[in-house]
Structures are given as C-alpha cells and as structure tokens.
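J.: After the sequence you'll find the predicted model.
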There are 2 protein chains.
Amino acid sequence: MILQTDSPLDPFFAPQSIAVIGVSHNPAKLGYGIAKNLLHCGYQGAVHFVNPKGGTLFECPVYSAISDVPDPVDLAVLLIAAHLVPATLTACGERGIRAAIIASGGFREVGAEGAALEAECLHIAQDYDIRLLGPNCIGLIDTHLPLNTTFLPPPGPPPGEIAFISHSGAICAAIIDWAHGQGFGFSRIVSLGNQVDVTETDVLLPVAHDMHTKVLTLYLEGIDNGRFFIQSAQQITSHKPIIALKVGRSAAGQRAAASHTGALAGQEDAYNAAFRKAGVLRASTANEMFDWAKALAWCPLPAGENVAVLTNAGGPGVIAADALEANGLKLAELETVTTKSLHELLSAAAGLNNPVDMLASASPTQYAESLRLLLGDDNVNSVLVILPAPPMFSAVSVADEIIPIIQVSEKPVVVALMGDLLTAEAQPVFRAARIPDYPFPEQAASALAALTQYAFFKRKKLTDSLQAMDVDKTAVQTILKKHASGFLPQDSIQKILTAYAIPYPKTKLARSAQETVTSVQKVGFPVVMKIASPDIPHKSDMDGVVLGVEDVDTAVSTYNQLITRANTARPTAKILGVDIQQMVLPGQEMIAGIVQDPQFGPLLMFGSGGVEVEGLEDVAFALAPLTSEDVDYLLNSTWAGRKLSGYRNVAGVDKTAVVNLLIQLSQLALDFPQLTEIEINPLRATDNNVIALDVRIRLT
Amino acid sequence: MILQTDSPLDPFFAPQSIAVIGVSHNPAKLGYGIAKNLLHCGYQGAVHFVNPKGGTLFECPVYSAISDVPDPVDLAVLLIAAHLVPATLTACGERGIRAAIIASGGFREVGAEGAALEAECLHIAQDYDIRLLGPNCIGLIDTHLPLNTTFLPPPGPPPGEIAFISHSGAICAAIIDWAHGQGFGFSRIVSLGNQVDVTETDVLLPVAHDMHTKVLTLYLEGIDNGRFFIQSAQQITSHKPIIALKVGRSAAGQRAAASHTGALAGQEDAYNAAFRKAGVLRASTANEMFDWAKALAWCPLPAGENVAVLTNAGGPGVIAADALEANGLKLAELETVTTKSLHELLSAAAGLNNPVDMLASASPTQYAESLRLLLGDDNVNSVLVILPAPPMFSAVSVADEIIPIIQVSEKPVVVALMGDLLTAEAQPVFRAARIPDYPFPEQAASALAALTQYAFFKRKKLTDSLQAMDVDKTAVQTILKKHASGFLPQDSIQKILTAYAIPYPKTKLARSAQETVTSVQKVGFPVVMKIASPDIPHKSDMDGVVLGVEDVDTAVSTYNQLITRANTARPTAKILGVDIQQMVLPGQEMIAGIVQDPQFGPLLMFGSGGVEVEGLEDVAFALAPLTSEDVDYLLNSTWAGRKLSGYRNVAGVDKTAVVNLLIQLSQLALDFPQLTEIEINPLRATDNNVIALDVRIRLT
C-alpha cells in the first residue's frame, strides 16, 4: 500500500487537541458554528476556545488569549479579522503550535492589501515552522476520526469512502449538502482556500494514506507545482484512484502563436497530458466525478472491457448498449452455456443475446438467477443491471434477491435504478449494501467505463521514461552562450541537432550569389533554397522556399529572387541570406514541436504537419520525459501516427526512427528549459530514416 | 400557430367515449389497472367495459361483447390474448369504431407467428378504416383532457407542458415515475409499441397541435419514413421545439465500403443531418432531453448567445463559465452602467465582471437587485443564477426575492440550485413558479444552450432548397437504360456529368497502344493516365494512375505498363483500357460523395479528399436537396470548406463554383435514386473553376 507518511501535515489530520481562536456566543456568527461543530462532531481530543471577551461557551471555558490555553495544542483554527491574524499566528508560534487553519477571509482575494497580509502570515509561519491551511477556506473534515473544523450548518457530510480536496469552499459546502441525497459519503474533506502554504499536492499523500479513503476526488482551479503533482499522484494511483474536476478551461488562454505548436498547445493540453501520465481520471462535471467515485469506492475492478447488460425491457437495453459503446466499452459475447441456461430460465420470447432482455414479466428470482449466470460467464467482466420497477413486482423485492449475489461477486455490478416513487424503497437498500445506483443507464455505463479505465491503468506496470542516446549537453551549452533571446539562426540550430543526434538535411548558408555557387557544390544537387531570416518564421507564407533547384545558374537566379522577395515582403526583417539544403526523398510528413509549460515543463506536440497544422488539428500532446505509454498515445491518437505503418498506397515508414527522434527532442527540451519553443515542421520519415526538414528554435 | 389537424387520429386524442376490451376483476391483472386508471383519471367521456364473463366492475356494467356496448364508441382499448385480437378488431369495425389501441403483447416481438398475427390485424384495420396504436404498447395519456388508457400503477404523470412520444413502453413507465421527483409534468404521452399502423411521425402533428403542449420530446429507436418525418417536424419546429433521443447507435452499422463516402456515411450521420434540417434538437441522454425540455417549456427564448452568471461563490462561477463555453455560449460583456450599479450594491471585494461574484455574504436583496441589473443590461441575453444555500440566509428567502423578477423578465433565467437538505425548501418554490432548477451549473448551461440553439433556429426564415441549373434528365435516363448494376464506365459517367453541368477534365479512353496515340493528341499534353476498369475502384491502391505524361512515346509505354500492372495485380478484373485525361491546374482538393440512405434519400458528404479521407475524417454530411443552411454547415464544419477562402500561403479558390457543384450533384442523386453511390475524389478547385478529377458512380 501507500507508504506511511510522517508528514508535517499530521497535526491537521490527527490532532490531539485543537484551539479555536475567534469563537462567538452569537449563533448567527461563523465562530459559533465552528465551536458547535467541533464539540458535536464526536471529536475525541481536547477542544479549547479563545476569545478576548472570555466567559464560557457550551459549558467550556473561553480563554482570552491563545497563550492561556493549557498544553498540548496541535492545531489552531483562526476565525478572526484578517488584520489580527499575523499577531495571533505569532502567539501560536510562541506557544509551539505547528499547524493552523486560517478560516478568515480578507486576504489575496480582496486585493493588494490582503495579499500583503497573506505574505506576512507566510513569513511568520515560516519563522515558527507553522504549516498553514488557507486563508479563506472552510477547513477540514474527517468523518471517521471524527473531526469537523468548519462552520458549515449541520448536518455534516455522511461518513464514507470518498475523500474530497477542493480549491473552493463553496463547492465543498454545496457538495456536502448535495451528497445527502446521493447515498455516498466522505472520508476526508479538505478546503484549501488561498493556499498561502499548503497546496492541493501537499495534502494528496496524507489523504491517500487514510485507511478509510478508497477514492480521492479533486476540485482544482489549477495546480501549483506540476512535476510535484505528477510525482505524488503517480505514487497514489497505483494503489487508489484519483478523479479530478479541473476547471478554468475558459480562462486558460492559448500561448503566443510564434509557432504552430504554440498556437495549438493550450494549458488544458498540458493538464490532460499530466493527468494521463499520473493515471488521474479527469471528469468533465461534478456529477460525473461523484458518479465515478461511488463505483470506484464500492466495486471490485473489472478484468476487462466486456460488459453484460441485464434488463427487463428493450428500450433501456438499447440506451445501455449505446452508452457502453460511446464510453469505449464492449457488449460481452456470452458463452453458449450461458445463453442455454438463460433460455431454460426465462420466457420463450426473452432476448438471450447481450443485452439480455428478460421482458417485463421478469421475477426477482429470474433477475437473481440471470445475474448469477452472467457473473459466471468467463466472457463477462462486469454487469450493468437495469431495474425500472417491474409491473408485477416491487423494485425492492428484486433488490433483495440480487444484492447477496452482487456482494460476493468479484466482478463489478452497477444498477440503473430507473424511476422515483416506485423505486424509492429499493434505493436505500442498494446504497446500504454499497452497490452504486444511477437514475439512467448512461450514467451507469459511464461509471463502468471509469472502473475499467482505472483497472487498465492499475494493471499496467509503470514504465520508466525512455532514455535519449548520444546527447552532448556541453556542446549545446556552448552554442547557447553565444545567443541572446529570439529565434536561433540555422547554423546554431544545426549544431544543436547534431549534439542531440537529430538528423537534418545538409545545409549551407549562402550570404551572396557567389557563396551560392560554392554552397550548392558542397550540398549537392538537387537542392531546396530557403530565405534565411530570424524575423521570418513562416517562410512559405511569403514564397520564401523554392524546391528542386537542379543547376548552378538556376541557383544563382533563385538566390537573387528570394532576397528581392524577402526585402519587398518584409522590409524591416533582418535577412541573413539563403539556406541551401539537400533535397530529401519523399515520404510521410509530420510535425513535432515543444513548448515549455510553466506548470509542467516541456510539452511535446506530434501530428500532421505542413502549413495546415491548425486547420487539420490532427495533433496530440505528451509531457517530457516520454514513457512508452506516452509514445503509444501520440502515435495511436493521431492520423499522422497511425499511418506511419502504411495506409492503402501510402507506404509505411520507419516508425522506430520517428519515436527515437521524439525522445531526443524531449530530452533537448528537458535539458534546456530556456529553449521555450522548438518546432520541426515538416519532419519527414522515409522507409529507413527520419529527417528534420525545417526546424525553428526560440531561446528565452 | 400550427395548423388545425382534422386528423383520422382525433379519436385517440379526443374520444367522446371509450370501450376497454379485456377488463379484469383481479387487481393483479393489467386489465384491472386500465379500467381503474380510466375511471379514476378524471376522464369526462363515457367508459364501457367488455369481458365475456360479464358482471360489474367499479359499479359499471361489464358487457360480454363489444357489440353489446351502447353507442357511441370512439376508441377501443384491447388487452386480450393476442390470438383473440383479429376477431375482436373485426367486431370493432362492424360496430363502427375507427380507432383502437392494442395494448396486448405477443406479436412481432415474439417471432414469425406473432408477426403474421400483426399483419392480419393491419389487414382488418385497413378493411374497416380503423387506425391502430400498438400492438405491444402501453397506450396514451393526456393529463389535461384528462385521459389515461395505460395499466401503469398510480400515480399517473404530473400534468405539465411536455409531450413525450416513445417507441418503448418501459421508457414511458420509467420516465413517468422519475418525473415525480423532477418538478416538471407532461401534457401528452404516447407509447407507440410495434407501430403496425400509427408511427412516430403520424402522431407528431396531432400532439404538437395540443394547446397544453409547449415542447415535444421523442424517444426514437428509428424513423419509419424519413422524408415524411422531416416535413412534419419542420412544420412544428418553426412554432414549438422538438427534442429527440435517438438510440440504437451501436446497432447502426456502417454501409458497404465500396467508396470513401460509403465507408464514412453511417446511419447516424443521416439522422443527424435530418434532425439538423428539421430543426430538431438531438439530446444524448434521457436526462439531458428533459433538462432541455423543462427550460424550453418554461422560459422565454433568448435573443442571443451572451449569458450573465450571478453567483455567491467563485468556484461554481468558474464551473459555469467553462460549461457555457463548452456549450458554445459566451459570457456577456457587461455595460459600464451595470458594473457601476453592481459596485454600489455589492461588497467592495465582490467580483463585478461576469461571472458576477457577490461573495458568500450576498443577501436575498442583493441577489434580487443584481439579477434585476443584469436583466436590464442590453448585452445580456440570458442569466444563469447560482444558488448554493448562502451561509447567512436560507435558499428559499433568495428564491422568494428573485422569482417575481424572473417571472416578468422577457429574458430566460435558469437556476443552479446546488445542494439537497439546505435547498429542499427552495426547490418546490422555483418549480411552482415554472423556473427551471438544476443541481449543478453544467446542466443549467446546457439548458441555456438548448434555448439559444432553438431560438436561433426559430429566428431563421426557413429557406427553400437551392435550385440546380441546366439539368438534362432525359439524357441521363437514356444512358442508364444501357447499363446493368455496377460501377459505370468513364464514358457514361462523362455523359452524366455533362448532362448535370458538372465540369470534368477532357478524357478519352484508349483501348490499345495505338488508340493511346490518337487520344493523347485529342486531349492535349500534359496528360494523366489511369487504368480503366469497373472492377478496380481504388486505382491508386495498385499504382493505376500516372501523372504528368508529356509526350507520345512515354504515353505509349505508360499504357503498356498500366495494363500489365493491372493484369498482375487484379487478374480477374475486367480491364477496359487506359483513360487519358487532361492534366488540371493545381488548386485545393476535396471530396464530394453521395450515398442513398434508405430512410432519408441522398446523403451528401463533403470534406478533405485524397486517399486519406477515412484517416483525416474531415467530412460533413447533409441531406439533399441542399438549403443554404446545409451548404454553410458543410463548408464551415470542415477544414476543407473553411480553407476555400484561403489560409496562409494556401490561395483561396472559387467557392461559388464548389457550392454550385454540390447542388448539381445533389440534384443528380435526387433525380436518380438508382445511383446508389456517387463519389468525386478528388474534386479540385482553382481560383476560377472547379473540376471533378475522378468520378465513380454505382448503379443499382
């Protein structure tokens, strides 16, 4: 299992005693709510109240200062005016408190003054080794310890197996209330607030380590340190699933579009690549996150993607079949013996192929026996039971018959319990037995897909990153020292490519018509001629590329044409001359590019190249360093990657060479984060080679 | 409004009196349920019971035969053993009944014998002019008349504004039960069963004509007559919205892949094109269908796509912003005067840009006044109110303040009422006021998108189909008479293209090396040479195309090479010779293809052409005849279409010529349904022309 943490965050999750600073006697105040929740939640440690006015509250003494509270105090909860927080934190530090929740608002979220106050708090906390949760948060809840440091009105969340970590306190509050009608419960809830100190990633391992937590759910508005997040999440997801609802997509702008890669690689692509690498399931709505969490908390994992659907009506069966396919699952092909036994069991007109339609007359016993047969079928990895109230029986009588079978099954079973009044009695019975129910087959199918996806991830052995070969870092360091920010000239680019064993066509820069003559002789005909200018990134946009030049006279006249054309089209551009390049054999063309993501480091883009990259949008993204899973994903999810093996009369090319190039390119970007954009477009692959035809690198 | 129907289906929806044949005294039998529902639902007409055993039921006489029932009887409901149905139908016909619901099962759904029985019933019905609903259906419900011919256990559906037409009785039953917890109600519900006579399309207009119905929802497992459906739905959707949940996607196979178009054009593409043409909104889940229906039934339509979000917390506001963008809507840019007034109204730290975040302290009055300001802003077309229970106020107190404002607004307002116990009191208050509530902002955003999409459709004047020009039908008839089924030879294809004014490059068939010499002279160098064989559809797969032949000698040797190559690669293929074709100027290449859909007629595919069509999947579909909306959709939803106007150094081409060609092609397919596949690939457009470079036509 997950390694024990001996974490500095332990006082938050297992405090022996807590002091609440800022309690109130007024039931309309939040400081009253915190005191009440903490006393009434069943917390077993000592609770102390602090308020300068003193007195008693709920029959407990109220100390006038934190310094008066008797030892020990592991955790302080502050709900006082923002401007009083620094002094109070100092007092906490002085008396040896090492963990504090700042529930108060009035910090960064209200502007510059609040931000300064927040910085001051952090400074004090660092001086005294205090870890801070918040400010502007609602604190934390552990339903099993139990512990509730929030001011939320009762009832608290139902106890359960799902942990919820959230950047938004309001979402915590709403989800806690909403969950009461949903039948699942929470193990731990952490509201992070402004994250002046403790971040979403800091709490991952301590929460995952909790024995009552079977699934972690995250509401994220961003990630503070991308590499650290991936590393922490990877440790967890090989044991327990994590589901993230990452919001702020609409706010996340695209990057500056100096390259195709920059234009296409949005922050969301980096998040998706990070979640994929870390094995984190990304939900698209809050509802979906908890639909999945419920199944992951309660069901065994399926051994494969083949699902049997058991229904008493055709329509919902068709809906289920559609939804399973849309979610990437398959309808299991039942074994003959199963179909035969079902035939004996069910009415003559029943549908025996999957979906198994027992018809409206299906009895509780037929439900149970059919389910038993399906679970016994080796071709079936999981079962979706559809249960609208049968016309002749109660839904709860079906529930009573099938629950014992589900509970001993090693395969997951989810239930589409369709209805309201007629299924009301069955619903709590399923929930008490920890069997996930959904109002329609679509949600049930989606939950099975989440189970299957996580099972697939967990079965895979996490592989090491693929290693780059023949890398000469020193050579690149030497080259980069010579350059200021901006696009690198071709001769430097070629030296960098050489240092990282990335093949490129022989190229010579001609700075005059005369140099053209010697250059073409060195490169060898036929040649490609391209305008050389750091200020003209998209050369073909201004007809700056001429293919198939076959003799010296044409080469010289082309040189003059290109220079004139460039001077006319871009009068202010610095023109270095014309690059004379070896013309390469035809093959397949693609794009490979890198941008440096501020959160996650080098983000690699691979896909269909040419000038129409943004139009075709046949691209995929992965974070460096690449694993073989990353490479499979890049190649399988793009048409450019799939056709490397050949398609109709498009000949297959050297896939291994393409993969190796991607690894070398990723390593280059990892080694030199100052290379903020690298783009090879086109990258050409032939049957025994790959070659970077046109490369641009921007140094920052 | 929708035209009055004087429909033969009127007896179903407004019967003066009803006879139930097959009532039962046994409360466990469905025949008891029908009798009880009909008597207790409040139906105002006469109700008569029939059962050979006679007696009384619920104090009404039970007649021993339908012939004994006193006049008039408008509608018969049959729930008797399947084999008794034909004789009973005859008896109904004899006594002048013109409408019957066959609730009994045991027909087509149980096999061949049942199907024969069903056919017999239809035969009798046609003889006596009886219209049949069913068999194997649960009948119909009108909550306003009221009328309930079903055997479903009480309570019946809550009355409301949503009509539901369903191919599945089980879905009807489950949705009716589920709706009790959802706060919306139904006007009419029609269960169609096996549709031996009355189909989903037949009931559309009669249901739409019902004054209580504001939205039609359809659960469809297919469509019986595609053209009739489009025509009927178009009449309705210009007045009332229709939402369809079409299932059976997983079962709908792709077509035989004799062409790229055939390989890509699935039945679902035809359904999508039909729904788009008819203005029908397609929901992807049952839940989504009713989320949308609720908003369409209760809200005014928005004048545009700009939404204001009003929230008391940041997190749900971000979720809403994401969801609005994902649904194609925009965050409204608030007018300065609005922001200024909000500033005066709200706390200093409130977020005044859209989403407007009033912070957790927001009072009911602040909710109400902010909402009033947003609704008064000319840049705002609709408002999404987010309402988790505020920490200091009850959710219902907010509801009470904002409802009067929403009720007089001409702009739609939807509410994300987040929670359960703490919002329980507010929920029925919103619902009673006919204001749609959703558990999370995502569903609220999706509902606003449905409102906006329908409003957009309704504002558009339905345009006539675009007219083809210079069409010579007779010429094509003459050509087709000469051919049996199969792929047409190039000379016939050229004559067809000429007759429909579709430009193609000058081509001559050479049947020998000698004919090659005369052909190349007639066509003029340079030429393209292609193997001519009805048995080799994908010529380039076997290197059957040679470009840029520039002289007679090369032409002759190429002829011989192509013939040898074809004989080797496809020894059994019939080789007609080699097509010598004028070589056309470079430009943009695309694909335009047609398949004949069995339900909907000619389905046109347009997109990126070449051999990689299936790989790139940059294609879109529309049904012929094309309207200008169809053309806009084809061009705007494909990269091939968007780049016709030019992109970077890809020069723009003659878009009008492309559009005209699509119209001509569609007309050809409409006029000759026996042309089951037509494919132009590539279709090349230059700056002043479009030309069908390679055309294949299959005749069936």
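T.: Everything's here; your move.
J.: Can you name the residues of the stretch 501-650 of chain A that neighbour chain B?
T.: Proximity of the stretch 501-650 of chain A to chain B (C-beta under 8 Å from any C-beta of the partner chain) is limited to residues A:538, A:540-543, A:608, A:611-612, A:615-618, A:639, A:642-643, A:647-650. The way it works is simple: take the backbone N, C-alpha and C, and place the C-beta from them, glycine included.
J.: Run through the stretch 401-550 of chain A and note the low-pLDDT ranges.
T.: By pLDDT under 70, the low-scoring segments of the stretch 401-550 of chain A are A:462.
J.: where exactly do the strands run in it?
T.: Secondary structure of the stretch 401-550 of chain A by DSSP state E, counting those that start in this stretch: the strands cover A:413-418, A:437-438, A:486-487, A:507-510, A:527-532, A:545-549.
J.: Just the residues of the stretch 501-650 of chain A next to chain B: which are in helices?
T.: Judged by DSSP state H, these include A:G615, A:L616, A:W639, A:R642 as members of helices.
J.: Could you count how many residues lie near the first one?
T.: It refers to A:G615. Residues within reach of A:G615, counting by other C-beta atoms under 10 Å in any protein chain shown, total 19.
J.: again with the second one
T.: By the criterion of other C-beta under 10 Å, A:L616 has 20 neighbours.
J.: likewise the last one?
T.: Other residues near A:R642 number 14, with proximity taken as other C-beta under 10 Å.
J.: re the thing from before, output the ones in helices among the residues of the stretch 501-650 of chain A next to chain B in JSON lines, with pLDDT appended to each entry.
T.: Converted to JSON lines, these look like this (pLDDT from 0 to 100):
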{"residue": "A:G615", "pLDDT": "90"}
{"residue": "A:L616", "pLDDT": "89"}
{"residue": "A:W639", "pLDDT": "96"}
{"residue": "A:R642", "pLDDT": "96"}
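J.: Tell me where the longest strand sits in chain A.
T.: Scanning chain A for the strand with the most residues, using DSSP state E, yields strand A:675-686.
J.: Is there any residue in that one that contacts chain B?
T.: No - counting by C-beta under 8 Å from any C-beta, chain B is not contacted by strand A:675-686; separation bottoms out at 12.5 Å.
J.: just how off-centre is that strand within its chain?
T.: Chain-centre distance of strand A:675-686: 26 Å, with C-alpha atoms, centre = their mean, to the nearest Å.
J.: From the contact counts, what lies against it?
T.: helix A:260-264, strand A:588-597, helix A:655-671, strand A:689-692, strand A:695-699 (3 or more C-beta pairs under 8 Å, 6 or more residues apart in numbering or on different chains; DSSP states H and E).
J.: Redo the ones you listed as a markdown table? Include mean pLDDT.
T.: A markdown table is the format used below for the helices and strands packed on strand A:675-686 (pLDDT from 0 to 100):
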| stretch | mean pLDDT |
| --- | --- |
| helix A:260-264 | 78 |
| strand A:588-597 | 95 |
| helix A:655-671 | 97 |
| strand A:689-692 | 93 |
| strand A:695-699 | 95 |
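J.: between these, which gets nearest to A:V396?
T.: A:V396 sits nearest to strand A:588-597 of all the helices and strands packed on strand A:675-686, at 52.3 Å, using C-beta to C-beta.
J.: Could I get the buried residue list for the closest one?
T.: Going by neighbour count (16 or more other C-beta atoms under 10 Å in any protein chain shown), the buried part of strand A:588-597 is A:Q588, A:M590, A:I591, A:A592, A:G593, A:I594, A:V595, A:Q596, A:D597.
J.: same deal with stretch A:238-249?
T.: Within stretch A:238-249, the residues that qualify as buried are A:K240, A:P241, A:I242, A:I243, A:A244, A:L245, A:K246, A:V247, A:G248, A:R249, counting by 16+ other C-beta under 10 Å.
J.: Spell out whether it and chain B are in contact.
T.: Yes - contact of stretch A:238-249 with chain B (C-beta under 8 Å from any C-beta) involves A:V247, A:G248, A:R249.
J.: Can you classify the second one as helix, strand or coil?
T.: When classified by DSSP: H, G, I helix; E, B strand; the rest coil, A:G248 comes out as coil.
J.: what's the offset of stretch A:635-648 from the middle of its chain?
T.: For stretch A:635-648, the distance from its own C-alpha centre to the chain's C-alpha centre is 25 Å (C-alpha atoms, centre = their mean).
J.: how far does that stretch stretch from start to finish?
T.: 18 Å (C-alpha to C-alpha, to the nearest Å).
J.: who's in contact with it?
T.: Stretch A:635-648 is contacted from outside by A:588, A:590-591, A:606-609, A:618-620, A:634, A:650, A:652-653, A:655, A:658-659, A:685, B:538, B:540-541, B:611-612, B:615-617, using C-beta atoms under 8 Å, 6 or more residues apart in numbering or on different chains.
J.: now do stretch A:347-366
T.: In contact with stretch A:347-366 (C-beta under 8 Å, 6+ apart) are residues A:308-314, A:317-318, A:320-321, A:331-334, A:339, A:342-343, A:345-346, A:367, A:370, A:374, A:386, A:390-393, A:397-398, A:400-402, B:109-111, B:170.
J.: neighbours around A:N353, how many?
T.: Other residues close to A:N353 by other C-beta under 10 Å number 11.
J.: In which helix or strand does it reside?
T.: Here A:N353, judged by DSSP states H and E, is contained in no helix and no strand.
J.: so how far is chain B from it?
T.: Using C-beta to the nearest C-beta, to the nearest Å, A:N353 is found at 11 Å from chain B.
J.: Tell me the predicted confidence for the closest residue in space to A:V611 that isn't next to it in sequence.
T.: Counting by C-beta to C-beta, 6 or more residues apart in numbering or on different chains, A:V611 lies nearest to B:R648, which is 5.1 Å off, once chain neighbours are set aside. On the pLDDT scale, B:R648 is placed at 83.
J.: With A:A257 instead?
T.: Note on A:A257: pLDDT of 53.
J.: most centrally placed residue in chain A?
T.: A:F275 (2.7 Å; C-alpha atoms, centre = their mean).
J.: Contacts only, for the closest residue to A:P503 other than its chain neighbours.
T.: Using C-beta to C-beta, 6+ apart and skipping the chain neighbours, the partner closest in space to A:P503 is A:I691 (4.9 Å). By C-beta under 8 Å, 6+ apart, the residues touching A:I691 are A:P503, A:Y504, A:P505, A:V584, A:L683, A:R684, A:A685.
J.: looking at the sheet around the fifth one, what are its partners?
T.: Taking DSSP bridges as the rule, A:L683 bridges to A:M590, A:A692.
J.: and it, how far is that from B:D579?
T.: According to C-beta to C-beta, to the nearest Å, A:L683 and B:D579 sit 36 Å apart.
J.: Helix or strand: which one has the residue nearest to A:V520 when sequence neighbours are not counted?
T.: Excluding the flanking residues, the one nearest A:V520 by C-beta to C-beta, 6+ apart is A:A555, at 4.7 Å. Here A:A555, judged by DSSP H and E, is contained in helix A:552-569.
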